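Asks: have a look at this prediction, sequence included:
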Amino acid sequence: QWYQRRVLGLMIRNVSNRLAFKRIILSNVLKMEFVSAEYPASLTKLNTHLSTRSYVSSHKLNNHDLQVREKLSGCNTTSYPHVTRWLSHVSAISGHVPSTPVGDMTPAEPQEPRTTELVEAKKKLICRNLQETVGEDRLDAILKERDVKIYWGTATTGKPHIAYFVPMIKLADFLKAGCEVTVLFADLHGYLDNMKAPWELLQLRAKYYEAVIKAMLRSLEVPLDKLRFVTGTDYQLSREYTLDVYRLSSVVTDHDARKAGAEVVKQVAHPLLSGLLYPGLQALDEEYLGVDAQFGGVDQRKIFMFAEKYLPVLGYKKRIHFMNPMIPGLTGDKMSSSEPDSKIDLIDPPSAVKKKINKAFCEPGNVDNNGLLSFSQYVIFPYLGKREFEIKRKAEHGGDVSYSTFQELKEAYRTETIYPLDLKNAVATYINQLLGPIVKEFQSKELKKLSSQAYPSPSAAKGGKAAAQERPVDISRVDIRVGKIVQIGPHPDADSLYVEKIDVGEAEPRTVISGLRNFVPQEALEGAL
């Protein structure tokens, strides 16, 4: 009993000391007079205080931060890096903080109750074209009182491509429904995912992503003043966030971490510890960004369920999770920045778009695994709004046709009323309409320079053209092995992968992880070459 009392006393004393220190710092900061001799000393104290923190007095943005920022208005903080970082972050997300001053207890004016029709209209727009919503009851409860706060994050790794229009269209829906939307540039996540983004390029790629995404939203005529852009390293290196990472790592099992990241984190034979941290960081982002919901592709589902399970363990509430379907790429598989033939770059000229679309997989009558139809459903039709989807054809080929709904277009393609070339020509036209403003914007010298710095060419990274030509392309360098699948089964953590044992004539069969599970049944591969 004496030991328990002693420990409890130390804990209370520690908490009291921390609260007293916080009050002293906050008092000093709020009383700063920038015209006095105390100005440099006060700013130095603030810089020291923020060196291990994301915010002035809490692990969340609150009115203390807004008061301090007001005190710093017009002040040059370039010599104080932690203050500068904090100011940038607070300015990015301050739209999510109530403007009531600290200590003002005047009750807010009562709002008129929302009608059932208004709530249903907002919910319909929010959930349009989503594959799944987890936490629909929470969504209903929030919409009855206020608008929803949503965040969408993207790791700043490969160059964004036209598949990014799928989430952009949904962000437009959220904004039309009155939602507060935060876009997170997850630079730190990109590095942790098997070091896809080199550390020295993180900031440059975050700037490139911001420029690209703003250009895409302008192309869709979405007002940017309704969005907030946040960079992960603005708060993910803080003391509070780091402590929560440690708290989370003390309760998460190796199995759960692997399973959560199986569809998102790059799968390798000997994974790094960094990849296991990835799901936990994404879960904590929900709390630290102060949102009600997270939006992502359905490939993020296991990470979302990870967050649903573990955030309450840390004392944080569950969030709503909105999931978009994954659309096929031009080759019929997932569209990926690492597969050049499966994607169209956002700054591709019309001729390149036309060439790639003409090479796209588009089997006559196939409506189930057709990337062009999927892109039409989730991007082009929402972009057109009430306008019709038009296909221009010569009279001898049936003449012009138009469709007011995607279902009409899908049925026409299924019955082969329209043919692959008809669909390809129409989709290429609409894609070029979307990309036109982006291509024009990226003709500026500043953005060209940013693009080359964020994504240097392989030859530049290796020392120029001479280094790139050291090993010329030669068919004799290709190592082709023919093997027999002697054992095959589902991957324990990933729904789209097989684990295969393949005999290639070596002492032991090779273990291969393949992405054929969604396309070829297991029985067809057993014993196959």
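Replies: Sure thing, it's come through. Numbering: from 1, shown residues only.
Asks: after the lowest-mean-pLDDT helix or strand in the chain, next one along is what?
Replies: Least confident helix or strand, the chain: helix 465-468 with a mean of 44, by mean pLDDT, DSSP states H and E. The helix or strand immediately downstream of helix 465-468 is strand 484-490, counting by DSSP states H and E.
Asks: for the record, mean pLDDT for that next one?
Replies: If you average the pLDDT over strand 484-490, you get 91.
Asks: what is it packed up against?
Replies: With contacts defined as 3 or more Cβ pairs under 8 Å, 6 or more residues apart in numbering; DSSP states H and E, the packing partners of strand 484-490 are strand 498-503, helix 522-525. In short, each C-beta sits where N, CA and C put it, glycine included.
Asks: for burial, what's the neighbour tally of the residue lying closest to V367 once chain neighbours are set aside?
Replies: In this structure, V367 finds its nearest non-sequential neighbour in R414, 4.9 Å apart by Cβ to Cβ, 6 or more residues apart in numbering. When neighbours are defined as other Cβ atoms under 10 Å, R414 has 16 of them.
Asks: next one: the one 10 residues further on
Replies: Here the count is done by other Cβ under 10 Å, and K424 has 18 residues near it.
Asks: residue contacts, it?
Replies: 357-358, 360, 362, 372 (Cβ atoms under 8 Å, 6 or more residues apart in numbering).
Asks: same thing but at 6 Å, please
Replies: Applying Cβ atoms under 6 Å, 6 or more residues apart in numbering, we find K424 in contact with 357-358.
Asks: so it is in which element?
Replies: Judged by DSSP H and E, K424 forms part of helix 420-441.
Asks: again with F295
Replies: Going by DSSP H and E, F295 is in strand 293-297.
Asks: that strand pairs with which strands, and in what direction?
Replies: strand 149-155 (parallel), strand 320-324 (parallel) (DSSP bridges).
Asks: so for that strand, mean pLDDT?
Replies: Mean predicted lDDT for strand 293-297 stands at 95.
Asks: just give me how far that strand sits from the chain centre.
Replies: On the basis of Cα atoms, centre = their mean, to the nearest Å, strand 293-297 sits 8 Å off its chain's mean C-alpha point.
Asks: packing partners for the helix or strand following it?
Replies: Once the chain leaves strand 293-297, the next helix or strand it forms, by DSSP H and E, is helix 301-310. Packing partners of helix 301-310 (3 or more Cβ pairs under 6 Å, 6 or more residues apart in numbering; DSSP states H and E): helix 254-261, helix 273-288.
Asks: in the shortest one, which residues are buried?
Replies: In other words, helix 254-261. For helix 254-261, burial by neighbour count (16 or more other Cβ atoms under 10 Å) applies to 256-261.
Asks: and A172, how far is that from L87?
Replies: Here A172 is placed at a distance of 29 Å from L87 (Cβ to Cβ, to the nearest Å).
Asks: can you map out the strands along the stretch 51-200 of the chain?
Replies: 132-134, 149-155, 180-186 (DSSP state E, counting those that start in this stretch).
Asks: now do the last one: distance to the chain's middle.
Replies: Right, the one you point to is strand 180-186. Per Cα atoms, centre = their mean, the displacement of strand 180-186 from the mean C-alpha position of its chain is 8 Å.
Asks: tell me the mean pLDDT for it?
Replies: Strand 180-186 carries an average pLDDT of 92.
Asks: which other helices and strands contact that strand?
Replies: The helices and strands touching strand 180-186, judged by 3+ Cβ pairs under 6 Å, 6+ apart, are strand 149-155, helix 165-176, strand 227-231.
Asks: mind checking which of these is nearest G297?
Replies: G297 lies closest to helix 165-176 among the helices and strands packed on strand 180-186, at 7.6 Å (Cβ to Cβ).
Asks: for the residue nearest to L314 when sequence neighbours are not counted, give its distance to V313.
Replies: Nearest non-adjacent residue to L314, counting by Cβ to Cβ, 6+ apart: R247, 5.8 Å away. Distance, R247 to V313, by Cβ to Cβ: 9 Å.
Asks: which residue is the nearest non-sequential neighbour of D400?
Replies: K392 is the one closest to D400 (Cβ to Cβ, 6+ apart), at 5.5 Å.
Asks: that older thread, so which helix or strand takes in the residue nearest to L314?
Replies: helix 239-249.
Asks: angle of that helix against helix 301-310?
Replies: If you take axes from the mean of the first three to the mean of the last three Cα atoms, to 10 degrees, helix 239-249 sits at 90 degrees to helix 301-310.
Asks: quick check: mean pLDDT of helix 239-249?
Replies: Computed over helix 239-249, the mean pLDDT rounds to 91.
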